[in-house]
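[1] Give me a 3D structure for the following:
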Amino acid sequence: MDANKLFVSAQEQEWITQAQQGSQIAFHQLYQRHHRQVYALCWRMLADKDSAEDVCQEVFVVLWQKITNFRGESKFSTWLHSVTSNVVLSHIRKQKNWFQRVFSIEEQTNYSLPDEAAVELDDSSELEVLDKHIAQLPERARLVFVLFAVEGYRHEEIATMLSMAVGSSKSQYHRARTLLKQAMSEAAVVGGYDE
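    Next up, the predicted model:
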């Protein structure tokens, strides 16, 4: 398995180098490797399928424009997640009609993570339920939760990204956890009864 990972890393590095030199074929290979994870992050942060699809496309446009900035100081996937987070946050800031976002979330009947965003994880049924509840969190709490708990950013970084105080980031994270625990508890109680 380590040899396989080494090959993947070497292959990916070759694609990155070729894409930095303008190879669309190599860039397409990078897209094929990473588009599901990028889409999943967009969906989790935006909680809206259509917006996630649009922003995912925008991420790869930005990636094509900025791939020469990748210096290899971190894993490519880490750098790509940072680019994705920044594009999503920029998209949210540009949204002028926040009512549209709120109502589009409330009007959705299926909150499960779309098939195209499926990322292989251990217990997909539990994660699908969690994703459903993450999508229903208030926007700020959802963003902080995803950036901290899912993506691994520190509160100081999140505070800078979202233009808030570090204490506000921690407070929003605590709020998200409380709301998620409450929602998961309610779902467990409801799910425990036969209808």
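[2] any weak-confidence spans in the protein?
    The chain contains residues with pLDDT under 70 at 1-8, 96-127, 188-195.
[3] Secondary structure element holding the residue nearest in space to the middle of the chain?
    What sits nearest the mean C-alpha location of the chain, by Cα atoms, centre = their mean, is residue 41, with 1.3 Å. Assessed by DSSP states H and E, residue 41 sits inside helix 24-46.
[4] May I see the buried residues of the following helix or strand past that helix?
    Once helix 24-46 ends, the next helix or strand along the chain (criterion: DSSP H and E) is helix 49-66. Buried residues in helix 49-66, counted by 16 or more other Cβ atoms under 10 Å: 49, 51, 52, 53, 55, 56, 58, 59, 60, 62, 63. C-betas here are computed from N, CA, C, even on glycine.
[5] Same question for stretch 67-77.
    Here stretch 67-77 shows 67, 70, 76 as buried, counting by 16+ other Cβ under 10 Å.
[6] and if you look at stretch 28-36?
    Residues of stretch 28-36 classed as buried under the neighbour-count rule (16+ other Cβ under 10 Å) are 29, 30, 31, 33, 34, 35, 36.
[7] In a markdown table, list those along with distance to residue 176.
    Output for the buried residues of stretch 28-36, formatted as a markdown table (distance: Cβ to Cβ, whole Å):
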| residue | distance to residue 176 |
| --- | --- |
| 29 | 36 |
| 30 | 32 |
| 31 | 31 |
| 33 | 30 |
| 34 | 26 |
| 35 | 27 |
| 36 | 24 |
